[in-house]
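Participant: sequence first, predicted coordinates after that:
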Amino acid sequence: MQRLMMGKDLEGLTYNELHKLEQELTEGILSIKDRKEKVLLEQVEKSKLQEKKIKQQNDALLEKIEELRQHAKGAKLSSNESPLLLKDCCTSENEGSASDTSLRLGISSSAVPERKKLKTGNANDKNAMIVD
């Protein structure tokens with residue numbers, strides 16, 4: 001029977017036997033396609049659930065990052081440092097030009113315990129988080 005399913009040794013079969021074999025093969029193919037479709041749909045559903053879970057985790061992490069940033073801002077403002085930067089209180093002739101230089105008024109860095117800066121790809125990145 002296996003050889004018949006593979007299309008081998010068909011010479012001795014009658015028309016009716018060939019027709020019956022064809023119907024069995026067609027039913028088998030349809031059954032296989034149905035099962036394959038069911039498996040694919042299950043995988044898609046599983047992937048959607050996983051995507052939803054990952055999005056929720058991502059949202060929670062984004063909230064935590066925002067809380068840490070707010071906490072870091074609050075900690076900076078509550079220390080003896082002044083929140084004013086020289087570039088905020090003084091105007092210059094080159095207002096349109098970008099500058100990475102700013103002056104922070106407050107306690108010198110030697111009086112404050114050293115802070116670790118988390119890497120964000122650029123050491124001068126203004127959005128880098130500072131953790132104690």
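Facilitator: Right, received. Where do you want to start? Numbers count the residues shown, from 1 in each chain.
Participant: can you map out the helices along the protein?
Facilitator: 2-5, 15-78, 86-89 (DSSP state H).
Participant: and Glu24, how many neighbours?
Facilitator: 13 (other C-beta atoms under 10 Å). To be clear about C-beta, it is placed using only N, CA and C from the backbone, and glycine gets the same treatment.
Participant: how near is it to Thr14?
Facilitator: With distances taken as C-beta to C-beta, to the nearest Å, Glu24 is found 15 Å from Thr14.
Participant: weakest of the helices of the chain by average pLDDT?
Facilitator: Set side by side, the helices of the chain give their lowest mean pLDDT on helix 86-89, at a mean of 43.
Participant: now Glu11. Its backbone dihedrals?
Facilitator: Main-chain dihedrals, Glu11, degrees, to the nearest 10: phi -60, psi -40.
Participant: likewise Gly7?
Facilitator: Dihedral angles for Gly7 - degrees, to the nearest 10 - are phi 80, psi 20.
Participant: do the one 3 residues further on as well
Facilitator: The main-chain torsion angles of Leu10 are listed as degrees, to the nearest 10 and equal phi -90, psi -10.
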